[in-house]
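A.B. asks: give me a 3D structure for the following:
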Amino acid sequence: MQPGKKRTLAAGPATGEPGAESLLASIARVSEDAPAAGAPLSLPAQALASAAFSGSGRLLVADPAFVETFGPDPGLEAAPALGAYRLVAKVCKDGSVAVLLIAAPLVARSWPLSPAVAAAADEAQWVALAYHPFAHPSLIRRACEGWRLTSLETRVVSALLGNDNLRAAARTAGVAYETAREAIAAALRKAGARRQADLVRRLHMAAGVGEFDLAEIGLLAPALGLTLRQAAVCRLVALGLTRPEIAATLQISEHVVKAELKRLFESLGVRTAGALSEVAVQASVLLAVAGADNLAHAAQADELRPLRLLGRPEAGGRVALSDYGPASGAPTFLMHSALTGSLIDRGLIKALQRRGLRPIAIERPGFGLTDPPQGEAEAAVARAAADMALVVEALKLKPVRLLCRGGEAAALRFAETYPHLFAGGVLLNPFRPYEVDTRWDGLMNMAKRMISTQPQLIEPIAAFLVRRASPKSMAGILREAVKASPSDLAALEDPRILADYVASARLAALATPWGFIQEQSAYVGWRPQAVADGRAWTRLLGEQDVLYLPGEGDEVWDGALPGHRVIRVPEAGRLIHASHPEMVAEVVAGLT
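C.D. replies: Residues are numbered from 1 along each chain as shown. Here you go, the predicted model:
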């Protein structure tokens, strides 16, 4: 069964096991707003631009990004019906085409408008939002660095985005046409793209927005004023298909495809397949904004989450990571919990950096923007360990330290499979096998009990949590989950700690709950594998941890990691990484 599909949530057996309804009711009760529509959507704020218009289409106020993109007096030629929204392809100052999402202020109340535009909503008849990431060289560089493009390849790719064809891009980049052609061929190969139009789509993904749905033809067609067939052609171009492939997919002739492309170019004001791809992607992202109340945008995306996407050369797919630097620091892989992604608490990042470490957070397969394994037979744990080795090779790192808030199985597999790449590890409040775990009080333990006794409910619970992944709901769930820990509750009084945790939790489900489902299913019967010598490992335990009783599971870990170090912190809890970052960083720095 696929995640997100409906399934009846059965009550627990007559033996007194908790029923799923009681768990989900508890989560719904502490969620401080309504269920969110769809999976979390996070956008880099520097790629957004907004403006407010009068009923006649006269510009009232615009943020600097909007003016920079469309000019000081763009005007609004077309508006939707009241209570609806529409998309409009509009020519920018530089001659390129960008998409505007337009609606009345009441319809747009959840959109990420700039403060000045939001303040003008009372006098405005319409507001407009644009998503135009490639006006910002930093976002293009982020995407290209993730694919390990050379400076020449990055320059040619950047030039291609602003030109009609590769010859013009070569002139802009200051290189010969043949050199530009070779650079684009290398970029296509490294990005895993079929053609230049597909490269544009993948650039959007790598620039920070992550996944977006190009399959909603039924929404894209009326929003852009296209027929269903034109919208389908537009989508397939963005996916990198050729004219013959599009014709075969849609079961129409190549002549019809050519005619539809001509109409698309004319109606949207574009001249190339790459430009058409960008319009399709911008429209898809903005449609997601229009339909989502599960939206967040980072004001300083590069600072909060220095995202990189690495292709798996042999296995296929990509690996998402955040490299917080500096390059001179001792590499330290941060392994996220089952409910968070690669955006890590800023206090911990700074504490690690102060001790000469280089924090690098890697999202495991099926979490955030890291693809699940391609083959069903490949174990997620083995793939996670191989991804870690890939990152070491791609970034040319020395042996790495591991700091694990979760992913213990992947960490142990990495150390066993790649001992020459492993410099020691710290396990923060690691998992205790269910067979020795006796703590079942509170929201988190109710979920733990449910998973351990009724694993068939992991998928629907995961889908339910994704729908509750709006920032406000996540904050309410988190406070309820740790309310038995004074240390954790005190840490969440810091708005920065709370914001970082909530943002990271939202990242974990950007694409699919596959990773969560796989890990929780594996934990049902999991015990840590034994190693011959555990002295490279440290368990750092907060004794106010709401998941486990102090001392429980010690014998399991002592048997698995003989000779390992144990540090118990009575005044810390589940969120020890956030409440005691300096202590955690000191322990990691002391690994030998």
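
A.B. asks: partners of residue 51 in the sheet?
C.D. replies: residue 62, residue 128 (DSSP bridges).

A.B. asks: does it touch residue 118 like I think?
C.D. replies: No. Counting by Cβ atoms under 8 Å, residue 51 stays clear of residue 118, with 11.4 Å between them. Every C-beta, even on glycine, is put in place using the N, C-alpha and C of the backbone.

A.B. asks: more neighbours, those two?
C.D. replies: Taking neighbours as other Cβ atoms under 10 Å, residue 51 and residue 118 compare with residue 51 leading, 29 against 19.

A.B. asks: mind listing what the more buried one touches?
C.D. replies: Taking Cβ atoms under 8 Å, 6 or more residues apart in numbering, we find residue 51 in contact with 59-63, 66, 70, 74, 117, 127-128.

A.B. asks: run the last query once more with 6 Å
C.D. replies: 62, 66, 128 (Cβ atoms under 6 Å, 6 or more residues apart in numbering).

A.B. asks: and which of the residues you listed is nearest residue 421?
C.D. replies: The closest of those to residue 421 turns out to be residue 66 (Cβ to Cβ; 47.3 Å).

A.B. asks: any idea which element that closest one lies in?
C.D. replies: Residue 66 belongs to helix 64-70 when assigned by DSSP states H and E.

A.B. asks: do the same with residue 88
C.D. replies: Applying DSSP H and E as the criterion places residue 88 in strand 85-91.

A.B. asks: hmm, back to that, quick one: which of the contacts of residue 51 is most hemmed in?
C.D. replies: So for these (other Cβ under 10 Å), the most neighbours sit at residue 128, 27 neighbours.

A.B. asks: quick one: that residue and residue 99 touch, right?
C.D. replies: No. Between residue 128 and residue 99 there is no contact under Cβ atoms under 6 Å: 10.1 Å.

A.B. asks: which residues touch stretch 555-571?
C.D. replies: Under Cβ under 6 Å, 6+ apart, the answer for stretch 555-571 is 433, 487, 528, 530, 534-535, 537-543.

A.B. asks: tell me the strands beside the helix or strand following the strand holding residue 88, with direction?
C.D. replies: Using DSSP H and E, the helix or strand that follows strand 85-91 in sequence is strand 97-103. Counting by DSSP bridges, the strands paired with strand 97-103 are strand 85-91 (antiparallel), strand 126-131 (antiparallel).

A.B. asks: now, of those strands, which is deepest in the fold?
C.D. replies: strand 126-131 (a mean of 25; mean count of other Cβ atoms under 10 Å).

A.B. asks: which residues are in contact with it?
C.D. replies: Contacts of strand 126-131 (Cβ under 6 Å, 6+ apart): 47, 49-53, 79, 98, 100-102, 105, 108, 111, 282, 285-286.

A.B. asks: please save the CA atoms from the next helix-or-strand element following it in CSV.
C.D. replies: Moving toward the C-terminus from strand 126-131, the next helix or strand (DSSP H and E) is helix 137-146. Extracted C-alpha coordinates of helix 137-146, given in CSV (Å, rounded to 0.1, in the frame of the first residue of the first chain):
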residue,chain,number,x,y,z
PRO,A,137,23.3,33.7,-8.8
SER,A,138,23.7,32.2,-5.3
LEU,A,139,20.8,29.8,-5.9
ILE,A,140,22.2,28.7,-9.3
ARG,A,141,25.6,28.2,-7.7
ARG,A,142,24.1,26.1,-4.9
ALA,A,143,22.5,23.8,-7.5
CYS,A,144,25.6,23.5,-9.6
GLU,A,145,27.9,22.8,-6.6
GLY,A,146,25.6,20.0,-5.5
